[in-house]
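[1] what's the 3D shape of this:
(2 chains)
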Amino acid sequence: MDPFLLEALLNGVLLGGVFALPALGLNLVFGVVDVVWLCYAELVMIGMYAVWFLYTQAGWPLALACAACLPLVAGLGLALHWLVVRPLLNAPPINQVLATGGVLFVLQGAATLVFKTDFRSLGVDMPPMELGDVFISGTKLIAFCAALVGAACLWAFLKFTYVGTAIRAIARDREVMPLMGVDPRRIYLIASGVGGTLAGLAACLLVVQLDVHPFVGLSFGPITFMICVMGGLGNMLGGFIAAFLMGLIISVGGFVGSTEMSYVIAFGFFILVMFIRPQGLFAR
Amino acid sequence: MSRPIPMALALLALATIPLFGPPDYVLHLLITATLTAIAGTGWAMMGRFGLVSFGHGAFFGVGAYTMALLWNLYGVTPWVGIPLGIVVAIAAGVTLAWPCFRLRVVGHYFALVTLAAGEIVRILMTALREATGGSLGMTPNRVAAADGLAAMQFGKAGFWWLTLACWALGLLVWWALDRAMASKALAAIAEDEDAAASVGIRVTREKLRVTMLSVGLAALAGALTAQYRMYLSPESVSGLGISLQIVFGAIAGGMYAPLGPTIGAVLTIGLDESLRVFFGTELTGAAPFFYGILLVLFMLFLPRGIAGLLEKRG
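    Below is the predicted model:
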């Protein structure tokens, strides 16, 4: 096989790993709380700034900076739920979406005020690895593995813990579960915290690959939403597979045409999926 | 809108503003606010029936680029180019909306499909850089002052009259829609599509018609904005940022009243300018920061917008 095509395919899989984490977090929140966090990518952006600041400005070790980023973004997720989403739980869905859209502006504006519009780079790079005739970026590979580990942890949490079981039950039927003694408000809060943690983890993985700037969320935010919807909103496994599908489309599309065109193809594919299977590619 | 005579008088009073020789800056603010109001009015025409589009920036941009490209490449005057831009935008809108409505893509899904379409349009504008100048943007060719009228290049007063006329046209469309059966049909569709269809409402057709009106107004506003600024770039006339700005204005002012989006436009432009005046360009992030807080507060405490305050409690 053409080594360049092979490289594009591999990079697509790696890119899918990067998309997978935020898509999982967003999907969890949607599946449980039934609210779309339009500002999800901006939570990731704040996390990226946190890692950048702690590592390059405060001089913390990278691992510690990443470890601090997780609870920080989880806290943001909790605050978002408590202050904005909770009062709107019974409002029309579109009001909920627009309110989180307002938070998107707030976070972008706050980042611009504090950090200006400069592109900030972590300055960490690893030598590319050689596999046969194919070169793979080391940072991308590590990020990919960490994303898989994160996804596995989430799966184990949802599958094997009591709270995880309650979360899955609420997502399945939000009318009956309160009758079974599950407090939905507590579950919503926990799901928001876990969603925030996943955003924080995504931030740690993205900050080594992308420069941070206040609008970096717009570069992967829309695609994250489309991945969730394509997989079926609330369907975690579907979203996970869709992330890799999108990664492959963008990477191989960029190999055949240009990077811009690959995004046009990816978005066009999304629209097509919406027409053909609006309930998501992998809905039962 | 139920009182045509006071409305006409108010319009006439607004039209006389340039005769008093106001500073250029004031006229500039009025024009900018009115242009935003046209786009917001168009958006709210769909939005108030539950058709929330996050892709109106695309149509805003299609109107602007069609007009500017026709002028720069083929010398077609904006007087013809703007209507053509509206036609192209409506064609694009129908291409997207028809399958959406036929296949019943609604709610969140409709919003996300329009968001994706908006991004496609923005990327295409950048990617077709041979014609559009890519992300650097483009400037419509200027003509000598004597030919200004034919090329729609004239001073602020002329532009004020033009924008005011287009804004009045937008309100007129709204008013006509409200008087027609279509608005009742659309309200029924927004409540329950199946029930609406069961009493003989042609759901797809009604939705398509209001979409065409809405998209057309967005394209008109986009083309006028580009022509007024004499500059357009993918980021400044299209993309998610512009889409959300249109949505914000309409929501803040109130999308259920005809003058709501206009109130919202005056508010956003006023907010923009006062932040710029008080904080200077040092704090470039201040405007979106306050927008965002206001948007959240509006959703929490005043979901019907400022115009909602003026409505009679029913």
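[2] list the pairing partners of the lowest-mean-pLDDT helix or strand in chain A within its sheet, with orientation.
    In chain A, no helix or strand scores lower on mean pLDDT, DSSP states H and E than strand A:129-131, which sits at a mean of 73. Using DSSP bridges, strand A:129-131 pairs in its sheet with strand A:134-136 (antiparallel).
[3] tell me which residues are up against the strand it pairs with.
    The contact list for strand A:134-136 (Cβ atoms under 8 Å, 6 or more residues apart in numbering or on different chains) reads A:3, A:6-7, A:10-11, A:14, A:128-129. Bear in mind the C-beta positions are built from the backbone N, C-alpha and C, glycine included.
[4] pLDDT of the longest helix anywhere in chain B, averaged?
    Longest helix in chain B by number of residues, with DSSP state H as the criterion: helix B:203-229. When pLDDT is averaged over helix B:203-229, the result is 94.
[5] stretch B:109-125 now?
    89.
[6] contacting residues around that stretch?
    For stretch B:109-125, contacts defined as Cβ under 8 Å, 6+ apart pick out A:94, A:97, A:222, A:225-226, A:229, A:260, A:263-264, A:267-268, A:270-271, A:274, A:278, B:51-58, B:61-62, B:65, B:92, B:96, B:100, B:105, B:132, B:234-235, B:238-240, B:243.
[7] rewinding a little: out of the contacts of strand A:134-136, name the two that are farthest from one another.
    A:3 and A:14 (16.0 Å; Cβ to Cβ).
[8] and those two? Which one has more around it.
    residue A:14 (23 against 11; other Cβ atoms under 10 Å in any protein chain shown).
[9] packing partners of the helix or strand hosting the more buried one?
    For residue A:14, the element it lies in under DSSP states H and E is helix A:3-33. Helix A:3-33 makes packing contacts with helix A:40-52, strand A:134-136, helix A:138-160, helix A:162-172, helix A:184-207, helix A:217-231, helix A:236-256 when contacts are defined by 3 or more Cβ pairs under 8 Å, 6 or more residues apart in numbering or on different chains; DSSP states H and E.
[10] quick one: the helices in the stretch 151-300 of chain B?
    Assigned by DSSP state H, counting those that start in this stretch, the stretch 151-300 of chain B shows helices spanning B:156-179, B:181-191, B:193-198, B:203-229, B:234-237, B:239-253, B:260-279, B:286-301.
[11] picking that back up, any of the contacts of stretch B:109-125 buried? List them.
    The neighbour-count criterion (16 or more other Cβ atoms under 10 Å in any protein chain shown) marks A:94, A:97, A:222, A:225-226, A:229, A:260, A:263-264, A:267, A:270-271, A:274, A:278, B:51-58, B:61-62, B:65, B:92, B:96, B:100, B:105, B:132, B:234-235, B:238-240, B:243 among these as buried.
[12] pLDDT weak spots in chain A?
    A:1, A:125, A:283-284 (pLDDT under 70).
[13] so, low pLDDT: which residues of the stretch 151-300 of chain B?
    Applying pLDDT under 70 to the stretch 151-300 of chain B picks out residues B:280-284.
[14] what residues does it have near chain A?
    Applying Cβ under 8 Å from any Cβ of the partner chain, we find that the stretch 151-300 of chain B lies next to chain A at B:240-241, B:244, B:247-248, B:251, B:283-296, B:298-300.
[15] among those residues, which ones are buried?
    B:240-241, B:244, B:247-248, B:251, B:283-292, B:294-296, B:298-300.
[16] out of the helices of the stretch 151-300 of chain B, which is closest to residue A:235?
    helix B:193-198 (24.1 Å).
[17] and the contacts of that closest one?
    Helix B:193-198 is contacted by residues B:104, B:106, B:185, B:188-189, B:203 when judged by Cβ under 8 Å, 6+ apart.
[18] just to revisit the earlier point, buried members of the contacts of strand A:134-136 into PyMOL, please.
    Applying 16+ other Cβ under 10 Å to the contacts of strand A:134-136 leaves a buried subset, and the PyMOL line that selects it is:
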select buried, chain A and resi 7+10+11+14
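[19] how close does residue A:255 get to residue A:131?
    Using Cβ to Cβ, to the nearest Å, we find residue A:255 at a distance of 17 Å from residue A:131.
[20] I meant to write residue B:264 there.
    The spacing between residue B:264 and residue A:131, counted by Cβ to Cβ, is 56 Å.
[21] these two: which has the busier surroundings?
    residue B:264 (30 against 12).
[22] was I right to think that one contacts residue B:302?
    No: counting by Cβ atoms under 8 Å, residue B:264 does not reach residue B:302; the two are 11.7 Å apart.
[23] what's the closest non-adjacent residue to residue A:138?
    In space, not counting the residues next to it along the chain, residue A:138 is nearest to residue A:126; the distance is 3.3 Å by Cβ to Cβ, 6 or more residues apart in numbering or on different chains.
[24] for residue B:47, same thing?
    Nearest non-adjacent residue to residue B:47, counting by Cβ to Cβ, 6+ apart: residue B:255, 4.9 Å away.
[25] what's the local residue count around residue B:75?
    Close neighbours of residue B:75, defined as other Cβ under 10 Å, add up to 11.
[26] against chain A, how distant is it?
    29 Å (Cβ to the nearest Cβ, to the nearest Å).
[27] surely residue B:48 touches residue B:257?
    No: counting by Cβ under 8 Å, residue B:48 stays clear of residue B:257, with 9.1 Å between them.
[28] pull the contacting residues for residue B:295.
    With Cβ under 8 Å, 6+ apart as the criterion, the residues that contact residue B:295 are A:98-99, A:101-102, A:105, B:248, B:251-252.
[29] can you check residue B:63 too?
    B:82, B:85-86, B:88-89, B:218-223.
[30] secondary structure element for it?
    Per DSSP H and E: helix B:56-74 holds residue B:63.
[31] can you name the next helix or strand after that helix?
    By DSSP H and E, the next helix or strand past helix B:56-74 is helix B:78-102.
[32] by contact count, what packs against that next one?
    Packed next to helix B:78-102, using 3+ Cβ pairs under 8 Å, 6+ apart, are helix A:259-276, helix B:56-74, helix B:108-127, helix B:203-229.
[33] return the shortest one as CSV; C-alpha atoms alone will do.
    This means helix A:259-276. The C-alpha trace of helix A:259-276 is given here as CSV (Å, rounded to 0.1, in the frame of the first residue of the first chain):
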residue,chain,number,x,y,z
THR,A,259,-7.2,20.1,4.5
GLU,A,260,-10.0,22.7,4.0
MET,A,261,-11.8,20.4,1.5
SER,A,262,-11.5,17.5,4.0
TYR,A,263,-13.5,19.5,6.5
VAL,A,264,-16.1,20.4,3.8
ILE,A,265,-16.4,16.6,3.1
ALA,A,266,-16.7,15.8,6.8
PHE,A,267,-19.4,18.4,7.4
GLY,A,268,-21.2,17.4,4.2
PHE,A,269,-21.1,13.8,5.3
PHE,A,270,-22.6,14.8,8.6
ILE,A,271,-25.5,16.6,6.9
LEU,A,272,-26.0,13.6,4.7
VAL,A,273,-26.1,11.3,7.8
MET,A,274,-28.7,13.6,9.3
PHE,A,275,-30.9,13.3,6.3
ILE,A,276,-30.6,9.5,6.0
